[in-house]
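Participant: Structure here, sequence nowhere to be found:
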Ligand SMILES: CCCCCCCCCCCCC/C=C/C(=O)SCCNC(=O)CCNC(=O)[C@H](O)C(C)(C)COP(=O)(O)OP(=O)(O)OC[C@H]1O[C@@H](n2cnc3c(N)ncnc32)[C@H](O)[C@@H]1OP(=O)(O)O
């Protein structure tokens, strides 16, 4: 399936604010570039995690997969894998090619993987590849339990559960989310009521609306760019994250980072509950000279 989406600097800036850019300091020199440029907005920088969102806009509302039924209110975002092929432009027409990358019967849940390749429409250049993993609670058991169905169009899971080093982190960054964080983030195009409607959230099993997984990932990668890439988002090559636990808007996110060559292993904790909510890795093109 192919879909076109329009990308403008206003979308880029609203997204950056939604993942907390300039939230601590409105004139932060590392982050102001995501929302303002003195020579005009077409020059603002785009956070690499933004591509997950414009590819999400092209995902189907439902897929016709024989034998698989699911309750949309029980859907959770499980994992995200992002390959950045070119720094993202702040103004472009994007052509998204969406395909089914995987489907797995886990008994209590079904896991669905959707791949989106995003091209700049005019040049035809590949900008990014996103693999979105959706955890469909209660939708497993659609295949023979002695041989549960599993299909992937790629060799190995690039976003496995991460083994976190026991050593002291290379860097730690703490960020407060606002209680309105999900309400701001959803303006970037993810209007799932799980993040805004208290009744919907209750049916889904949460005491109140939860934060979008991609918002938490945006906070984490922004922290890595700040602490390890010295503010340069173009150092990011690919990003992988597994959502371990829901986050409530208003919680404090603590991102711990370990640098292993060109790989950053990270873990995000919700400080108030001292629970890990996200872990994964980021591959860099190079290291900052000032590290
Ligand atoms: C036909 C359908 C069409 C649908 C098309 C719609 C497309 C729309 C896509 C839009 C998607 C975006 C929507 C956004 C929603 C959100 O942002 S929700 C908020 C962010 N996410 C979360 O908060 C989830 C946090 N994580 C959890 O709550 C838990 O980890 C979990 C996902 C509920 C799983 O926990 P649990 O049930 O305890 O699983 P386990 O028993 O440990 O493992 C069972 C198997 O599942 C594998 N697994 C576990 N966790 C994940 C994960 N996060 N991602 C992927 N896979 C996971 C695990 O490895 C086990 O498998 P095996 O090892 O093979 O046994």
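Facilitator: Happy to help now that I have it. Small disclaimer: the values here were computed from a predicted structure and weren't measured.

Participant: just checking, what packs against the one helix or strand residue 94 maps to?
Facilitator: In the assignment (DSSP states H and E), residue 94 maps to strand 92-105. Judged by 3 or more Cβ pairs under 8 Å, 6 or more residues apart in numbering; DSSP states H and E, the packing partners of strand 92-105 are strand 2-7, helix 50-56, strand 109-120, strand 126-137, strand 150-152. C-beta coordinates here come from the backbone N, C-alpha and C atoms, glycine included.

Participant: Can you give the strand pairings for the last one, parallel or anti for each?
Facilitator: The strands that strand 150-152 pairs with in its sheet are strand 92-105 (antiparallel) (by DSSP bridges).

Participant: what's the angle from the partner strand to strand 126-137?
Facilitator: Computed by axes from the mean of the first three to the mean of the last three Cα atoms, to 10 degrees, the angle separating strand 92-105 from strand 126-137 equals 40 degrees.

Participant: Could you list the buried residues of the strand holding residue 94?
Facilitator: For strand 92-105, burial by neighbour count (16 or more other Cβ atoms under 10 Å) applies to 92, 94, 95, 96, 97, 98, 100, 101, 102, 103, 104, 105.

Participant: cool, stretch 136-149 as well?
Facilitator: Quick answer for stretch 136-149 (16+ other Cβ under 10 Å): 136, 137, 139, 140, 142, 143.

Participant: thinking again about what came up before, comparing the helices and strands packed on strand 92-105 by mean pLDDT, which bottoms out?
Facilitator: Lowest mean pLDDT of the helices and strands packed on strand 92-105: strand 2-7, a mean of 78.

Participant: Give the partner strands of that one in its sheet and their orientations.
Facilitator: Per DSSP bridges, strand 2-7 is paired in its sheet with strand 92-105 (antiparallel).

Participant: Can you tell me which of the buried residues of strand 92-105 is closest to residue 192?
Facilitator: Nearest to residue 192 out of the buried residues of strand 92-105 is residue 98 (Cβ to Cβ; 17.6 Å).

Participant: Identify the bridge partners of that closest one.
Facilitator: Bridge pairing for residue 98 - DSSP bridges - gives residue 116.

Participant: Now that it has come up, it's in contact with residue 113, right?
Facilitator: No - here residue 98 does not reach residue 113: they are 11.5 Å apart, not a contact under Cβ atoms under 8 Å.
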